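> no FASTA, just this:
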Ligand SMILES: C[S@@+](CC[C@H](N)C(=O)[O-])C[C@H]1O[C@@H](n2cnc3c(N)ncnc32)[C@H](O)[C@@H]1O
(Lines give C-alpha, C1' and ligand atoms only; values in the text may rest on other atoms or scores of the structure.)
Protein backbone atom coordinates (compact mmCIF):
# COMPACT_ATOMS: atom_id res chain seq x y z
CA UNK A 1 0.00 0.00 0.00
CA UNK A 2 1.46 3.33 -1.04
CA UNK A 3 2.19 5.97 1.61
CA UNK A 4 -0.13 8.47 -0.01
CA UNK A 5 -2.76 6.09 -1.28
CA UNK A 6 -5.77 6.74 0.91
CA UNK A 7 -7.98 4.48 -1.24
CA UNK A 8 -8.19 1.96 1.57
CA UNK A 9 -8.98 4.43 4.34
CA UNK A 10 -10.83 7.39 2.80
CA UNK A 11 -14.28 5.77 3.10
CA UNK A 12 -13.57 4.84 6.72
CA UNK A 13 -11.49 7.82 7.91
CA UNK A 14 -14.34 9.67 9.65
CA UNK A 15 -15.58 6.42 11.20
CA UNK A 16 -12.36 5.35 12.86
CA UNK A 17 -11.44 8.90 13.85
CA UNK A 18 -14.68 9.27 15.79
CA UNK A 19 -14.01 5.88 17.44
CA UNK A 20 -10.52 7.07 18.33
CA UNK A 21 -11.77 10.32 19.86
CA UNK A 22 -15.30 9.50 21.07
CA UNK A 23 -16.06 12.71 22.98
CA UNK A 24 -13.80 14.92 20.93
CA UNK A 25 -11.13 14.31 23.60
CA UNK A 26 -8.06 14.52 21.48
CA UNK A 27 -5.17 16.82 20.75
CA UNK A 28 -7.42 18.65 18.34
CA UNK A 29 -10.46 19.32 20.49
CA UNK A 30 -12.10 22.62 19.44
CA UNK A 31 -10.15 22.82 16.17
CA UNK A 32 -13.16 23.60 13.94
CA UNK A 33 -14.23 26.67 15.92
CA UNK A 34 -10.61 27.81 16.13
CA UNK A 35 -10.32 27.75 12.32
CA UNK A 36 -13.72 29.39 11.94
CA UNK A 37 -12.50 32.30 14.10
CA UNK A 38 -9.32 32.54 11.98
CA UNK A 39 -11.40 32.50 8.79
CA UNK A 40 -13.62 35.29 10.15
CA UNK A 41 -10.53 37.31 11.07
CA UNK A 42 -8.30 36.71 8.03
CA UNK A 43 -10.40 35.01 5.34
CA UNK A 44 -12.27 37.91 3.70
CA UNK A 45 -10.22 37.36 0.52
CA UNK A 46 -11.00 33.64 0.39
CA UNK A 47 -9.76 30.60 2.30
CA UNK A 48 -8.06 27.45 1.09
CA UNK A 49 -8.04 24.32 3.25
CA UNK A 50 -4.84 22.50 2.27
CA UNK A 51 -4.58 18.75 2.97
CA UNK A 52 -8.32 19.01 3.61
CA UNK A 53 -8.78 15.24 3.91
CA UNK A 54 -12.46 14.33 4.15
CA UNK A 55 -13.34 17.97 4.81
CA UNK A 56 -13.57 18.35 8.60
CA UNK A 57 -12.55 22.02 8.40
CA UNK A 58 -13.61 22.68 4.79
CA UNK A 59 -17.24 21.73 5.36
CA UNK A 60 -17.45 23.36 8.77
CA UNK A 61 -16.36 26.68 7.26
CA UNK A 62 -18.45 26.39 4.09
CA UNK A 63 -21.60 25.61 6.09
CA UNK A 64 -21.00 28.84 8.02
CA UNK A 65 -20.78 31.00 4.93
CA UNK A 66 -16.98 31.14 4.46
CA UNK A 67 -15.72 31.29 0.86
CA UNK A 68 -13.47 28.22 0.98
CA UNK A 69 -11.80 25.81 -1.47
CA UNK A 70 -10.14 22.53 -0.59
CA UNK A 71 -7.12 20.63 -1.84
CA UNK A 72 -5.54 17.32 -0.85
CA UNK A 73 -2.91 15.02 -2.32
CA UNK A 74 -5.30 12.09 -2.18
CA UNK A 75 -7.99 12.01 -4.89
CA UNK A 76 -9.89 9.53 -2.72
CA UNK A 77 -10.02 11.92 0.25
CA UNK A 78 -11.17 14.71 -2.12
CA UNK A 79 -13.90 12.42 -3.44
CA UNK A 80 -15.21 11.76 0.08
CA UNK A 81 -15.05 15.50 0.94
CA UNK A 82 -17.01 16.39 -2.22
CA UNK A 83 -19.62 13.71 -1.60
CA UNK A 84 -20.10 14.95 1.98
CA UNK A 85 -20.44 18.53 0.69
CA UNK A 86 -23.09 17.40 -1.81
CA UNK A 87 -25.15 15.80 0.98
CA UNK A 88 -25.11 19.21 2.70
CA UNK A 89 -26.22 20.92 -0.53
CA UNK A 90 -22.80 22.54 -1.02
CA UNK A 91 -20.89 22.60 -4.31
CA UNK A 92 -17.28 23.12 -3.37
CA UNK A 93 -14.10 23.46 -5.37
CA UNK A 94 -11.96 20.56 -4.12
CA UNK A 95 -8.80 19.89 -6.09
CA UNK A 96 -6.55 16.82 -5.82
CA UNK A 97 -3.00 18.22 -5.68
CA UNK A 98 0.24 18.28 -3.75
CA UNK A 99 0.66 21.29 -1.47
CA UNK A 100 4.17 21.69 -2.89
CA UNK A 101 2.75 22.76 -6.27
CA UNK A 102 -1.05 23.19 -6.14
CA UNK A 103 -2.58 26.20 -7.90
CA UNK A 104 -6.34 26.65 -8.19
CA UNK A 105 -6.09 29.76 -10.35
CA UNK A 106 -7.15 32.21 -7.65
CA UNK A 107 -5.50 33.76 -4.58
CA UNK A 108 -6.55 33.50 -0.94
CA UNK A 109 -6.11 35.69 2.10
CA UNK A 110 -5.94 32.62 4.38
CA UNK A 111 -4.41 29.18 3.84
CA UNK A 112 -5.13 26.55 6.49
CA UNK A 113 -3.27 23.29 6.98
CA UNK A 114 -5.22 21.68 9.81
CA UNK A 115 -4.59 18.70 12.05
CA UNK A 116 -1.00 17.85 11.22
CA UNK A 117 -1.16 17.93 7.40
CA UNK A 118 2.12 19.85 7.41
CA UNK A 119 3.81 17.01 9.33
CA UNK A 120 3.25 14.74 6.31
CA UNK A 121 5.96 16.65 4.43
CA UNK A 122 8.91 14.35 5.01
CA UNK A 123 11.91 16.57 4.42
CA UNK A 124 12.83 20.18 5.05
CA UNK A 125 13.16 20.57 1.25
CA UNK A 126 9.51 19.56 0.79
CA UNK A 127 8.48 21.88 3.63
CA UNK A 128 10.31 24.69 1.87
CA UNK A 129 8.68 23.89 -1.50
CA UNK A 130 5.26 23.87 0.13
CA UNK A 131 5.76 27.21 1.89
CA UNK A 132 7.12 28.85 -1.26
CA UNK A 133 4.19 27.55 -3.29
CA UNK A 134 1.59 28.55 -0.69
CA UNK A 135 3.12 32.02 -0.54
CA UNK A 136 2.38 32.34 -4.28
CA UNK A 137 -1.25 31.40 -3.69
CA UNK A 138 -1.74 34.08 -1.02
CA UNK A 139 -2.75 37.70 -1.46
CA UNK A 140 -0.41 40.41 -0.13
CA UNK A 141 -0.17 40.12 3.65
CA UNK A 142 -2.02 36.79 3.50
CA UNK A 143 -1.90 34.32 6.38
CA UNK A 144 -0.76 30.69 6.45
CA UNK A 145 -1.53 28.54 9.46
CA UNK A 146 -0.36 24.99 10.22
CA UNK A 147 0.42 23.02 13.35
CA UNK A 148 3.42 21.12 14.66
CA UNK A 149 3.75 19.03 17.79
CA UNK A 150 6.81 19.90 19.82
CA UNK A 151 9.18 16.92 19.53
CA UNK A 152 9.36 15.18 22.91
CA UNK A 153 12.68 13.44 23.76
CA UNK A 154 10.86 11.00 26.06
CA UNK A 155 8.43 9.90 23.35
CA UNK A 156 11.22 9.81 20.77
CA UNK A 157 13.22 7.46 23.02
CA UNK A 158 10.19 5.18 23.46
CA UNK A 159 9.60 5.08 19.72
CA UNK A 160 13.29 4.40 19.02
CA UNK A 161 12.88 1.22 21.07
CA UNK A 162 9.89 0.18 18.92
CA UNK A 163 10.15 -1.44 15.50
CA UNK A 164 7.56 -0.74 12.76
CA UNK A 165 6.21 -4.26 13.41
CA UNK A 166 5.77 -3.99 17.22
CA UNK A 167 2.03 -3.57 16.96
CA UNK A 168 -0.15 -2.47 19.82
CA UNK A 169 -3.96 -2.43 19.75
CA UNK A 170 -5.47 1.00 19.19
CA UNK A 171 -9.20 0.63 18.61
CA UNK A 172 -12.10 -1.30 17.13
CA UNK A 173 -14.78 0.21 14.90
CA UNK A 174 -17.24 -0.78 12.15
CA UNK A 175 -16.16 -0.03 8.59
CA UNK A 176 -18.34 1.45 5.82
CA UNK A 177 -19.55 -2.07 4.96
CA UNK A 178 -20.65 -2.70 8.55
CA UNK A 179 -17.79 -5.11 9.30
CA UNK A 180 -15.85 -5.07 12.57
CA UNK A 181 -12.27 -3.85 12.18
CA UNK A 182 -9.46 -3.76 14.72
CA UNK A 183 -6.68 -1.22 14.26
CA UNK A 184 -3.16 -1.78 15.59
CA UNK A 185 -0.24 0.58 15.22
CA UNK A 186 3.54 0.48 15.54
CA UNK A 187 5.54 3.69 15.30
CA UNK A 188 9.30 4.11 15.35
CA UNK A 189 11.48 7.22 15.23
CA UNK A 190 14.63 7.99 13.26
CA UNK A 191 16.54 10.90 14.89
CA UNK A 192 18.61 11.50 11.73
CA UNK A 193 15.68 12.10 9.38
CA UNK A 194 13.37 13.28 12.22
CA UNK A 195 10.80 10.89 10.79
CA UNK A 196 8.22 9.11 12.85
CA UNK A 197 7.60 6.04 10.73
CA UNK A 198 5.67 2.84 11.06
CA UNK A 199 2.49 1.06 10.15
CA UNK A 200 -1.17 0.92 10.95
CA UNK A 201 -2.63 -2.55 10.62
CA UNK A 202 -6.35 -2.99 9.91
CA UNK A 203 -7.80 -6.43 10.67
CA UNK A 204 -11.28 -7.17 9.32
CA UNK A 205 -13.26 -9.63 11.46
CA UNK A 206 -16.33 -11.74 10.82
CA UNK A 207 -19.17 -11.81 13.34
CA UNK A 208 -17.45 -14.63 15.25
CA UNK A 209 -14.29 -12.55 15.64
CA UNK A 210 -12.26 -14.52 13.06
CA UNK A 211 -9.78 -12.44 11.03
CA UNK A 212 -10.94 -12.44 7.39
CA UNK A 213 -8.71 -9.68 6.01
CA UNK A 214 -5.67 -7.55 6.79
CA UNK A 215 -4.33 -4.29 5.39
CA UNK A 216 -1.09 -2.63 6.37
CA UNK A 217 -0.93 1.12 5.95
CA UNK A 218 2.44 2.88 6.23
CA UNK A 219 2.68 6.29 7.89
CA UNK A 220 5.55 8.76 7.99
CA UNK A 221 5.47 12.15 9.67
CA UNK A 222 8.31 14.55 10.22
CA UNK A 223 8.96 16.06 13.63
CA UNK A 224 9.84 19.72 13.28
CA UNK A 225 11.48 21.86 15.95
CA UNK A 226 10.36 25.43 16.62
CA UNK A 227 13.66 26.89 15.48
CA UNK A 228 13.22 25.17 12.11
CA UNK A 229 9.81 26.80 11.61
CA UNK A 230 11.25 30.25 12.34
CA UNK A 231 14.03 29.61 9.79
CA UNK A 232 11.64 28.18 7.19
CA UNK A 233 9.37 31.19 7.56
CA UNK A 234 12.26 33.58 7.05
CA UNK A 235 13.60 31.58 4.10
CA UNK A 236 10.21 31.50 2.36
CA UNK A 237 9.10 35.12 2.81
CA UNK A 238 6.90 34.86 5.89
CA UNK A 239 7.06 36.26 9.39
CA UNK A 240 5.83 34.45 12.46
CA UNK A 241 2.94 36.56 13.69
CA UNK A 242 1.57 34.31 16.43
CA UNK A 243 1.96 30.87 17.93
CA UNK A 244 -1.13 29.44 19.61
CA UNK A 245 -0.82 26.74 22.25
CA UNK A 246 -3.64 24.45 21.19
CA UNK A 247 -7.07 25.65 20.16
CA UNK A 248 -8.25 27.47 23.29
CA UNK A 249 -6.74 30.84 22.39
CA UNK A 250 -3.56 30.79 24.57
CA UNK A 251 -0.64 32.39 22.74
CA UNK A 252 3.11 32.39 23.24
CA UNK A 253 4.70 35.70 24.12
CA UNK A 254 7.03 36.08 21.13
CA UNK A 255 8.90 38.93 22.83
CA UNK A 256 9.87 36.66 25.76
CA UNK A 257 12.46 34.01 24.80
CA UNK A 258 11.69 32.00 27.95
CA UNK A 259 8.01 31.68 26.94
CA UNK A 260 8.70 28.70 24.66
CA UNK A 261 10.17 26.69 27.55
CA UNK A 262 6.87 26.91 29.42
CA UNK A 263 4.81 24.89 26.95
CA UNK A 264 5.29 21.72 24.97
CA UNK A 265 2.50 20.40 22.81
CA UNK A 266 0.42 21.34 19.82
CA UNK A 267 1.66 24.60 18.33
CA UNK A 268 -0.51 26.39 15.79
CA UNK A 269 1.63 28.71 13.75
CA UNK A 270 0.27 31.92 12.21
CA UNK A 271 2.61 33.11 9.47
CA UNK A 272 2.10 36.34 7.56
CA UNK A 273 3.32 36.75 3.98
CA UNK A 274 5.93 39.48 3.84
CA UNK A 275 5.98 41.97 1.00
C1 LIG B 1 -4.15 13.76 9.10
S2 LIG B 1 -4.99 14.05 7.59
C3 LIG B 1 -5.77 15.60 8.00
C4 LIG B 1 -6.93 15.86 7.12
C5 LIG B 1 -7.75 17.10 7.45
N6 LIG B 1 -6.97 18.32 7.44
C7 LIG B 1 -8.50 16.96 8.78
O8 LIG B 1 -8.36 17.82 9.63
O9 LIG B 1 -9.25 15.97 8.92
C10 LIG B 1 -3.66 14.49 6.54
C11 LIG B 1 -4.03 14.72 5.09
O12 LIG B 1 -2.88 15.27 4.45
C13 LIG B 1 -2.89 14.87 3.10
N14 LIG B 1 -1.55 15.11 2.56
C15 LIG B 1 -0.41 14.46 2.89
N16 LIG B 1 0.63 14.95 2.20
C17 LIG B 1 0.13 15.96 1.42
C18 LIG B 1 0.70 16.85 0.46
N19 LIG B 1 2.01 16.80 0.18
N20 LIG B 1 -0.11 17.73 -0.17
C21 LIG B 1 -1.45 17.77 0.10
N22 LIG B 1 -2.04 16.94 0.98
C23 LIG B 1 -1.27 16.05 1.64
C24 LIG B 1 -3.33 13.43 3.16
O25 LIG B 1 -3.80 12.97 1.92
C26 LIG B 1 -4.40 13.49 4.26
O27 LIG B 1 -5.69 13.66 3.72
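Yes, it's here. Because the structure is predicted, anything quoted here is derived from the model rather than measured.

> only C-alpha atoms for contact and neighbour calcs from this point on.
OK.

> Near the ligand, which residues of the stretch 101-250 of the chain? Just list them.
Proximity of the stretch 101-250 of the chain to the ligand, by CA under 6 Å from any ligand atom, involves residues 114-117, 120-121.

> Let's see if you can find the most crowded of these.
In terms of neighbours by other CA atoms under 10 Å, those top out with residue 114 at 24 neighbours.

> and the gap between that one and residue 104?
Taking CA to CA, to the nearest Å as the measure, residue 114 falls 19 Å from residue 104.

> quick one: furthest residue from the center of this structure?
Going by CA atoms, centre = their mean, the residue of the chain most distant from its centre is residue 208, 35.8 Å out.

> list the buried ones in the helix or strand hosting residue 81?
Take DSSP states H and E as the rule and residue 81 turns out to sit in helix 75-87. By neighbour count on 16 or more other CA atoms under 10 Å, the buried set for helix 75-87 is 75-85.

> Those residues also near the ligand: which ones?
Of the residues in these, proximity to the ligand by CA under 6 Å from any ligand atom holds for residue 77.

> From the buried residues of helix 75-87, pick the one nearest the ligand.
Taking CA to the nearest ligand atom as the measure, the ligand sits nearest to residue 77 out of the buried residues of helix 75-87, at 5.8 Å.

> Hmm, that closest one is touching residue 14, no?
No: the criterion here is CA atoms under 8 Å, and residue 77 misses it with residue 14 at 10.6 Å.

> Pull up the overlap in contacts between the two.
Residues touching both residue 77 and residue 14 (CA atoms under 8 Å, 6 or more residues apart in numbering): residue 54.

> ok, and the residue of the stretch 151-275 of the chain found nearest the ligand, which helix or strand is that part of?
The ligand sits closest to residue 221 of the stretch 151-275 of the chain, with a gap of 9.3 Å, by CA to the nearest ligand atom. Taking DSSP H and E as the definition, residue 221 sits inside strand 211-222.

> show me the residues around residue 256 that make contact.
Going by CA under 8 Å, 6+ apart, residue 256 touches no other residue.

> Can you give me the distance of residue 136 to residue 216?
37 Å.

> err, residue 132, not the other one
33 Å.

> Next: residue 144.
Counting by CA to CA, the separation of residue 144 from residue 216 is 33 Å.

> between those two, which one's more packed in?
Per other CA under 10 Å, whichever of residue 144 and residue 216 has more neighbours is residue 144, with 25 against 17.

> Confirm that the more buried one sits in a strand.
Yes: per DSSP: H, G, I helix; E, B strand; the rest coil, residue 144 lies within a strand segment.

> What lies in contact with stretch 244-252?
For stretch 244-252, the surrounding residues in contact (CA under 8 Å, 6+ apart) are 27-31, 34, 242-243, 259-260, 263, 265-270.

> and if you look at stretch 53-65?
For stretch 53-65, contacts defined as CA under 8 Å, 6+ apart pick out 10, 13-14, 32, 35-36, 39, 49, 52, 67-70, 72, 74, 77-81, 84-85, 90, 114.

> Same check on stretch 198-207?
For stretch 198-207, using CA under 8 Å, 6+ apart, the contacting residues are 163-165, 167, 179-188, 211-220.
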